[in-house]
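# Here's my sequence, what's the structure:
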Amino acid sequence: MMEGRNLSSVDDVELIARVAFGGTAVTAAGADQSARVIVLQSGGTGPFCAGASFDELTAIASPEQGQEFFSGFARVILAMIRAPKFVISRVHGKAAGGAVGLIAASDFSMAVTKASAKLSELAVGIGPFVVGPVIEKKIGLAAFGAMTVDADWRDAAWGERHGLYAKLFNEVTAMDDAVTALATTLAASNPEAMAMLKRVFWAGTEQWDTLLAERAAMSGTLVLSEFTRNAIGAFKTR
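Residues are numbered from 1 along each chain as shown. Down below sits the predicted model:
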């Protein structure tokens with residue numbers, strides 16, 4: 001579902017950590033005293049992240065396995081919002097399902113104009129339960145509800161208008177230059193002030209361990225239903 005990668009450096013090797021998906025990697029970067037900023041990105045030139053694969057979903061055989069599977073998204077979201085340093089997301093392509101939650105859990109996100117986003121869960125018989133709270137907090141209940149009910153692609157301009165993206169760029173190279181420039185600037189800022197700002201940004205999320213666990217159980221149960229199995233099977237044969 002999500003792959004943890006080694007930390008690497010951008011410009012100032014002791015201050016900026018660039019990581020890929022994985023709660024462990026984000027938590028480690030948050031605890032690393034030499035890292036001042038976390039940049040969340042994915043490799044390749046295709047989608048930023050397409051969420052969970054159908055093969056992963058159909059491999060779930062029990063409610064317990066289902067809850068554990070969806071708890072993976074919860075752990076990354078919690079690691080991101082609780083890291084005592086800013087998390088910048090670099091979105092180079094389309095984002096679907098759980099990926100939208102990861103972007104929403106960022107403190108600042110930059111994307112290219114082709115980075116459309118959608119919540120596709122309802123189409124396969126489940127719902128964006130785990131990622132819902134962080135998306136709602138970032139873009140508001142009305143926009144989150146619209147994404148959930150009308151599970152079609154929203155273009156990047158829509159994402160920027162509603163606060164999912166902070167800045168848009170026509171080219172990946174321009175986005176990368178902006179990500180590096182912002183990360184470098186933030187790395188020279190007061191880490192104590194940034195940590196305090198994180199607590200301000202994410203005030204009201206203190207009980208999310210329990211909330212997201214409950215939401216993961218909801219998804220973990222639904223994914224076993226006959227409706228969901230048939231819906232996933234239909235998508236796989238398209």
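# among the helices and strands of the chain, which has the poorest mean pLDDT?
When each helix and strand of the chain is scored by mean pLDDT, DSSP states H and E, strand 16-19 comes last, with a mean of 47.
# What's the first helix or strand after that one?
helix 23-31 (DSSP states H and E).
# Which strands or helices does that next one pack on?
Applying 3 or more Cβ pairs under 8 Å, 6 or more residues apart in numbering; DSSP states H and E, we find helix 23-31 packed against strand 16-19, strand 37-40, helix 63-82. No exception for glycine: its C-beta is placed from N, CA and C like everyone else's.
# buried stuff in it?
The neighbour-count check on helix 23-31 (16 or more other Cβ atoms under 10 Å) flags 23, 25-30 as buried.
# what about dumping the CA coordinates of it to PDB?
What follows is helix 23-31 as a C-alpha-only set of coordinates in PDB (Å, rounded to 0.1, in the frame of the first residue of the first chain):
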ATOM      1  CA  GLY A  23       4.200   6.300   8.600                       C
ATOM      2  CA  THR A  24       7.500   4.900   9.900                       C
ATOM      3  CA  ALA A  25       9.500   7.200   7.600                       C
ATOM      4  CA  VAL A  26       7.500  10.200   8.500                       C
ATOM      5  CA  THR A  27       7.700   9.500  12.200                       C
ATOM      6  CA  ALA A  28      11.500   9.000  11.900                       C
ATOM      7  CA  ALA A  29      11.900  12.300  10.000                       C
ATOM      8  CA  GLY A  30       9.800  14.100  12.600                       C
ATOM      9  CA  ALA A  31      12.000  12.800  15.400                       C
END
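# Helix 63-82 and that helix, what's the angle between them?
Here helix 23-31 points in a direction 20 degrees away from that of helix 63-82 (axes from the mean of the first three to the mean of the last three Cα atoms, to 10 degrees).
# Tell me the gap between helix 23-31 and the middle of its chain.
Distance of helix 23-31 from the chain centroid (Cα atoms, centre = their mean, to the nearest Å) equals 14 Å.
# mean pLDDT lowest for which of the helices and strands packed on helix 23-31?
Among these, strand 16-19 carries the lowest mean pLDDT, a mean of 47.
# So the residue most central in space within the chain: helix, strand or coil?
The chain has residue 102 as the residue nearest its centroid, 0.7 Å off, counting by Cα atoms, centre = their mean. Secondary structure assignment for residue 102 (DSSP: H, G, I helix; E, B strand; the rest coil): helix.
# so it sits right up against residue 75, yeah?
No - counting by Cβ atoms under 8 Å, no contact exists between residue 102 and residue 75, whose distance comes to 11.4 Å.
# which of the buried residues of helix 23-31 lies closest to residue 164?
Of all the buried residues of helix 23-31, residue 164 sits closest to residue 26, with 19.0 Å by Cβ to Cβ.
# My guess is the closest one contacts residue 85. True?
No - with contact defined as Cβ under 8 Å, residue 26 and residue 85 do not form a contacting pair (10.3 Å).
# overlap in contacts of the two?
Residues touching both residue 26 and residue 85 (Cβ atoms under 8 Å, 6 or more residues apart in numbering): residue 38.
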